[in-house]
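Novice: I would like the atomic coordinates for the input below:
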Amino acid sequence: MAIAQTLGIGITAASALLGFAFGAIEYQYRKRPKKQLELTQGTWNLEKIDPQRYLLVGELELVNLSPARIIIVPELSVEVQLFSDASCEEITCNTQIVPLHDDEPAREDGYWMAYLLKPKKTTRVKISIDIQGPNLDKLEAAWIMVNYIAYGAAGRIPQIRNVVFPFQYPDPNTPAEWKAKEGVTVLPIKTHLLNPLDDIVEIIERYVSPHSQPGDIVTIGESPLAIMQEQMKLPEEMELGWVARRLCHYFGRDSSLGVAYGLQSLVDEVGAARVVFALSVGVVAKALGRPGVFYQLAGEQARLIDDLTGTSLPPYDRFIVLGPIDSTQVVTQIQQKTGLSAAIVDVNDLEAVKILASTPDVSADLLEAALRSNPAGNAAEQTPLVLIRPTS
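Specialist: Predicted coordinates for the structure are as follows:
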């Protein structure tokens, strides 16, 4: 009996020790950054050499985010998709990649040599895109996909840096076409194709200021703001987990969370445990006649995630777009730097107006009256900003 008890105590202690060890390993794993190699958006410049030749040049930085691990970059390549009002059939894009390593010269033949990047170190890369052909003045934007490999302790991880570079910029001084609403007039404002290289305050100063006056309110759609904050992912960049694969079937077919990648984007934001807990409680609450509990428990991002085609403006129709971050801070910054009252809104064609954040002097009733008919549109109008002027 004594031997059995001693053996039992020993097994219990060993199990506890093993559990503690696995817990410590898991904690260390989760504490590490999810992405250990980052390629920045960089800086881009366009030179229009002649009507049939453009040269687009970007300089980007590769950053090893790991504090202790070496990462090797064995491959780096570029794909370009052009968007235009005319056919692109006769337009060619030739790309050149030049590594700008401090300790290793670039090869003359353009071959990318596998590069070893030490912990917390950086290196640079220059990308040139030579665009030639007719109708280049019709080009609207270039979608540049830089594919690169992070090779290290976590394995061989393909990654993509997406850069959207606009060629067309609407004239901000175009005569305004105000629309009369209940107690207000509204002005949808067209911009260039917004992207993570843009700053919301600079966009408002460029496109809204020529038309605004004291007392006006500027609103921006939640998806365009999220895109400028780079709150978006390509499905091919994501790794599907068990929770997303299984639990997506518990959501409606029209829900962005009803697709594994949409739900995975929420898991990446708030964690698998919170999603499982919110769904478990939500299912029970819904059975008892209380729908919507899942979204209350899972957090604001659960309602804001748009799956593919949720954002209908190319190339963002291929991305999962999350909700914006720091919304209250953004509207405060807009008011401080432009003097305009501001709001971030989620509006659709079903006359639903959701206000994510607004400056304290903005009336929710006034916003709903102005935006109920969705003056910005829900397709490819490219009018992410709406200027509202109270008339009574």
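Novice: Need the residues that contact stretch 158-174.
Specialist: 35, 37, 39-42, 44, 46, 54, 56, 58, 60, 139-150, 190-193, 195-197, 206-207, 209-210, 234, 236-237, 315, 319 (Cβ atoms under 8 Å, 6 or more residues apart in numbering). Placement of C-beta: from N, CA and C, glycine included.
Novice: Could you give me the buried positions within it?
Specialist: 159, 161-167 (16 or more other Cβ atoms under 10 Å).
Novice: Then stretch 303-319?
Specialist: Those would be 303-308, 310-311, 313, 315-316, 318-319, for stretch 303-319 by 16+ other Cβ under 10 Å.
Novice: Can I get whichever helix or strand residue 206 is part of in PDB, CA atoms only?
Specialist: Assigned by DSSP states H and E, residue 206 belongs to helix 200-207. The C-alpha coordinates for helix 200-207 follow below in PDB (Å, rounded to 0.1, in the frame of the first residue of the first chain):
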ATOM      1  CA  ILE A 200      -6.000  60.300 -42.800                       C
ATOM      2  CA  VAL A 201      -5.300  63.900 -41.700                       C
ATOM      3  CA  GLU A 202      -3.300  64.700 -44.900                       C
ATOM      4  CA  ILE A 203      -6.100  63.200 -47.000                       C
ATOM      5  CA  ILE A 204      -8.700  65.400 -45.300                       C
ATOM      6  CA  GLU A 205      -6.600  68.500 -45.700                       C
ATOM      7  CA  ARG A 206      -6.000  67.700 -49.400                       C
ATOM      8  CA  TYR A 207      -9.500  66.800 -50.500                       C
END
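Novice: can you give me the strands in the stretch 1-150 of the chain?
Specialist: 37-39, 43-50, 53-64, 71-73, 76-84, 92-99, 115-117, 122-132, 139-152 (DSSP state E, counting those that start in this stretch).
Novice: follow-up on the earlier one: closest to residue 78 among the buried residues of stretch 303-319?
Specialist: Using Cβ to Cβ, residue 315 is the member of these that lies nearest residue 78, at 15.0 Å.
Novice: In contact with that closest one, which residues?
Specialist: For residue 315, the contact set (Cβ under 8 Å, 6+ apart) comprises 81, 83, 143, 162, 164.
Novice: if I look at it, how far off is residue 369?
Specialist: 34 Å (Cβ to Cβ, to the nearest Å).
Novice: And residue 112, by the same measure?
Specialist: 56 Å.
Novice: cool, residue 332 as well?
Specialist: Using Cβ to Cβ, residue 332 is found at 24 Å from residue 369.
Novice: farthest-separated two in the buried residues of stretch 303-319?
Specialist: 303 and 315 (24.1 Å).
Novice: any low-confidence regions in the stretch 251-392 of the chain?
Specialist: 379, 392 (pLDDT under 70).
Novice: Just the helices from it, written as ranges.
Specialist: According to DSSP state H, counting those that start in this stretch, the stretch 251-392 of the chain carries its helices in the segments 260-270, 272-287, 293-298, 301-304, 327-338, 364-371.
Novice: okay, stretch 358-368 in PDB with CA atoms only?
Specialist: In PDB, the C-alpha atoms belonging to stretch 358-368 read as follows (Å, rounded to 0.1, in the frame of the first residue of the first chain):
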ATOM      1  CA  SER A 358     -17.100  60.700 -33.200                       C
ATOM      2  CA  THR A 359     -16.000  64.000 -31.700                       C
ATOM      3  CA  PRO A 360     -18.100  65.100 -28.700                       C
ATOM      4  CA  ASP A 361     -19.800  67.900 -30.600                       C
ATOM      5  CA  VAL A 362     -21.400  65.600 -33.200                       C
ATOM      6  CA  SER A 363     -25.000  64.600 -33.000                       C
ATOM      7  CA  ALA A 364     -25.700  60.900 -33.600                       C
ATOM      8  CA  ASP A 365     -29.200  61.700 -34.900                       C
ATOM      9  CA  LEU A 366     -27.800  64.300 -37.400                       C
ATOM     10  CA  LEU A 367     -25.300  61.700 -38.700                       C
ATOM     11  CA  GLU A 368     -28.000  59.100 -39.100                       C
END
